[in-house]
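In: Predicted model and sequence follow; I will ask about them next.
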2 protein chains.
Amino acid sequence: MKSLAQKTVTLKDIAKEVGISPSTVSRAINNEGRVSETTKRRISEAIKKLDYHPNIMARGLASKKTKSVGFVISKRRGRSLDRTSFYGKIIEGVEKEGRKYGYNPIFSVINEEERKSASLQIVKENRVDGLILAGCDIDKKLVLSLKERKIPLVLVDNHFDKEKISCVVTDNLNGAYEAVTYLISLGHKRIGFVAEMLSDLSFYERLQGYKLALKEAGLNYEENLVQESRDDIGYTATKKLLESQLPPSAIFAANDSAAIQAMRAIRKKRLRIPQDIAIVGFDNGEVAPYTNPPLTTVRVFTKEMGQIAMRMLIGIINNKNPLPVKNLMFTELVIRESCGGKLKRENFRPLTH
Amino acid sequence: MKSLAQKTVTLKDIAKEVGISPSTVSRAINNEGRVSETTKRRISEAIKKLDYHPNIMARGLASKKTKSVGFVISKRRGRSLDRTSFYGKIIEGVEKEGRKYGYNPIFSVINEEERKSASLQIVKENRVDGLILAGCDIDKKLVLSLKERKIPLVLVDNHFDKEKISCVVTDNLNGAYEAVTYLISLGHKRIGFVAEMLSDLSFYERLQGYKLALKEAGLNYEENLVQESRDDIGYTATKKLLESQLPPSAIFAANDSAAIQAMRAIRKKRLRIPQDIAIVGFDNGEVAPYTNPPLTTVRVFTKEMGQIAMRMLIGIINNKNPLPVKNLMFTELVIRESCGGKLKRENFRPLTH
DNA sequence: TTAGGATATGAAATCGCTTGCTCAAAAAAC
DNA sequence: GTTTTTTGAGCAAGCGATTTCATATCCTAA
C-alpha cells in the first residue's frame, strides 16, 4: 500500500547480485559463521551498490531483537513534567551512544495505567530490547516487575541498591562535599542546607556530603541549619534560616531550583549575594548562568550519564555484562559569582576522605 | 535466544483458544473485513484472558507499518544542542498524542553523515512510518529529499512555505505584535529590537510583528533601533542601542536568550530594569521566571505544538489529511516584572489588524 | 590414495502477523 | 423455488530477515 522506501532492496537482491544464497549474505552482514573474505567483500560491494539497508522489522521478527531501547521517564503524580532539560540531555546522550551500535531510543512517559499494572506497553508489544529508566519517580514496583521478567534494565539518576540493578547516578555525596568544602575554604563557618524535601534520595545523599564536609573541617553539625520546604522549593526554608538567632553566612541548596528560591528569599530580606550571604546550588542547570548573580553550582554530567547508561544497557542486552554495576558519576564545581570568591578549583584542597 | 516476554502469546494462540482461524482474529483486531459480533466478543475475551499483545515487529513486517515515528532534531554545526528543554517539551507532546493511537516516537539527532546524504538512518531501515522534524536547523535539502520519497512529514517550529509541507509553527508575527503593543501601551515611544541574528526565520517574523505594531501605533520605524549580534546573542547589539544618540526606553528581544544578554548589557551600563529601561523576551523558557527581575515574555505553547504535530502526522500516514496545512499557534503574553507595568493582559487593547 | 576434519555455502523452516482469494452458508432478489 | 448477493470464515502465500541442518569443496594426515 504505502511504502516508505521507493523500491525496497532486500537481502535476496544482494544475494542475487552476488550470485549467492541469502543465508550467506545474512551471515556476512552479521559477522557470524564463516564466510570467505572474497565473498564478504563482494557482498559489501553489492550492498553499497544497491544501497541496501536491512529491514529492522524483519530482522526483529526473526532474531527477536528490535535494536530499540525504551527511554522511560515518569512524572510526579499530578504535576507536569519538570526537569525537561535534564531528561533532554540524558536522552541526547542515550541517542548518541546508541547510534554507534545501531540502537534507537523510543521516548516514553509512563502513564497511569502502566503505573498501576507495573508494566510497560512498549515491553508488552516487544518493541524494545531493553529499558533505560530515568529519574527518581520510577516506581520500585515497576522496576522489580521488569527485573523479574528479565528485561535488560538500567536506571539513571535513581538506584535501588538492595535490588542490585545496574544504574548510573551522580556522586551526590562527593559533589556536596566538594561544594561545602569550597564554602568552608572561603571562610564560612555557619553554612545552611535547604532543600525541597529531604526524603528525596538525591537530596538525602547531598545532605550526607554536607555533613561529611563539616565534620572533616571540624565544624559542628547543627540540625536547625538544615531546612526543607516542599511547597515552595526551599523558599520558606531559607526564610526560616535567615530569621533564626544565628543565621548562616552561606547556604548550600540541594539543587539549583532550591538555590533560586533561596536567592529570592535572601533578596526579599534585603541581603546581598554574595556580600551578606553566599550560595551554592547543585545541577548546573540551564538557569544557573542567568541568575543574578550567576550561580556557583555543582555540575552534573547529564549527557554523559545517558551515554554511559546506554553503553551499559547494550552490554546487558548482549550478555556482555554479567554483573550489575552501580556507576557513580563524578561532579564538578562550577564557580560563578554567587559566593564572591573567585578561587579556582585547582587551588582548593582535594577530596581527602 | 533472549526473549523479553516470558512465553509469548501469539495470534495463533488466540485463534486456538476461540477455535477459529488466525486470519479472522487478525481481522477482528484490526477492525477490518467482516467478523460477526459474536466471534468478535469471544476473541476479545480470549485476548484479555491470555494477555495477548500483538508483536509489533511481525505486524510491521507484514503490514509495512511500524507504528513508530521519528522525532528528529538537528543541532547547529559545531555547537552542542541548545534549547534542550524546548525540544523536550515538544517530544513530550508528541509522545502523549502518539500514545492515544499506538504510535511511539523514536528520538533522533541528525548526524553529519545524514546531513550530507540528505537521508535518515531510521527511514532507510524502515523503522518509522513518518517523521516529525523539529527546529529550524533542519536542512531544506533533507526535507525535500524526504518529501520526494513520499515520507509522511511534519515540520515543527520551521516551515518552507513554497514547498507546501505540513507544519506547526508559532505565530511569531502576532506574538511580537502583541509584545510590542504592550510596551507601547505602557507609554514607550522608542523601542529597540535586538536579536542574535535577523536571518533566522523566526526572528525575522518577530521583527515583522515589531514593525507592524509600531506602524499601527503611528510610530516611526527606525532602522538603527534594530540590532543584531551573533556571537553574544544580543549583548553587543544592546550595548550599541544603549550607547546611541537617542537610546530606547524599552527593548524587545527576539527571544529569551537575547533578553538575558540584553539585561546583562543594561546592568553593565548601570541602568535599572524596568525603571530606566523595560524589556520583553520571547519563548517563556525555563529561565524566564528566574531572571532578575523576572522576565515579561511571550509564551509559546511548546508541548501543544508537539501534540498537534503528531496528530497531523498520523493523519498523513493514514491518508486522512489530503492537503498540507500550516498550523499557526497562538501565543500569550506573560507579564512579569521586567516592564514594570502590572497592566493585566485583559485590559490592554486587542489585535486589530 | 583416501579417510577425516575444516571451511564455505545452500536449502528450507521459522518468526508472528496481514491479506488476497476462495468458499460455504445465509439472506435477498427474482 | 431457484438464482444472486451478501456475509463470515479459512487457506495459504507472503513480508524480509535469521538460523539450523545438511552438503560440497578443499586440506591435511595417515
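Out: Sure, I can see it. Residues are numbered from 1 along each chain as shown, chains lettered A, B, ... in the order given.
In: Nearest spatial neighbour of residue A:99, chain-adjacent residues omitted?
Out: residue B:111 (6.9 Å; C-beta to C-beta, 6 or more residues apart in numbering or on different chains). From N, CA and C alone the C-beta is placed, and that goes for glycine too.
In: pLDDT value on that neighbour, please?
Out: pLDDT, residue B:111: 90.
In: again, but for residue A:77
Out: 57.
In: circling back to that earlier point, I'd guessed the residue nearest to residue A:99 sits against residue A:98; true?
Out: No: Residue B:111 lies out of contact with residue A:98 (C-beta atoms under 8 Å); the separation is 11.9 Å.
In: what about the helices in chain A?
Out: A:11-18, A:22-30, A:37-50, A:56-63, A:84-100, A:112-117, A:121-124, A:140-148, A:172-185, A:201-216, A:235-243, A:256-268, A:302-317 (DSSP state H).
In: For DNA strand D, see how far away residue A:121 is.
Out: Separation of residue A:121 from DNA strand D (C-beta to the nearest atom of the strand, to the nearest Å): 22 Å.
In: Can you give me the pLDDT of that residue?
Out: On pLDDT, residue A:121 comes in at 92.
In: just to revisit the earlier point, how much space between the residue nearest to residue A:99 and residue A:112?
Out: Distance from residue B:111 to residue A:112, counting by C-beta to C-beta, to the nearest Å: 36 Å.
In: Comparing these two, which residue is more hemmed in?
Out: Remark: of residue B:111 and residue A:112, residue B:111 carries more neighbours, 15 against 8, as counted by other C-beta atoms under 10 Å in any protein chain shown.
In: Quickly list what the closest residue to residue A:87 other than its chain neighbours is bridged to.
Out: Nearest residue to residue A:87, sequence neighbours excluded (C-beta to C-beta, 6+ apart): residue A:73, at 5.4 Å. With DSSP bridges applied, residue A:73 shows beta-bridge pairing to residue A:109, residue A:134.
In: Residue A:73 contacts residue A:110, correct?
Out: Yes: with contact defined as C-beta under 8 Å, residue A:73 counts as touching residue A:110 (7.1 Å).
In: Quickly list what's touching both of the two.
Out: Taking C-beta atoms under 8 Å, 6 or more residues apart in numbering or on different chains as the contact rule, residue A:73 and residue A:110 both touch residue A:138.
In: who has more neighbours, these two?
Out: residue A:73 (26 against 19).
In: Who are the contact partners of that one?
Out: Going by C-beta under 8 Å, 6+ apart, residue A:73 touches A:81, A:87, A:108, A:109, A:110, A:133, A:134, A:135, A:137, A:138.
In: List only those of those flagged as buried.
Out: The neighbour-count criterion (16 or more other C-beta atoms under 10 Å in any protein chain shown) marks A:81, A:87, A:108, A:109, A:110, A:133, A:134, A:135, A:137, A:138 among the contacts of residue A:73 as buried.
In: By pLDDT, give me the weakest of those residues.
Out: In terms of pLDDT, the weakest of the buried ones among the contacts of residue A:73 is residue A:81, which scores 52.
In: What number of residues are in the vicinity of the residue in the stretch 151-300 of chain A positioned nearest to DNA strand D?
Out: Nearest residue of the stretch 151-300 of chain A to DNA strand D, counting by C-beta to the nearest atom of the strand: residue A:152, 16.4 Å away. By other C-beta under 10 Å, 24 other residues sit near residue A:152.
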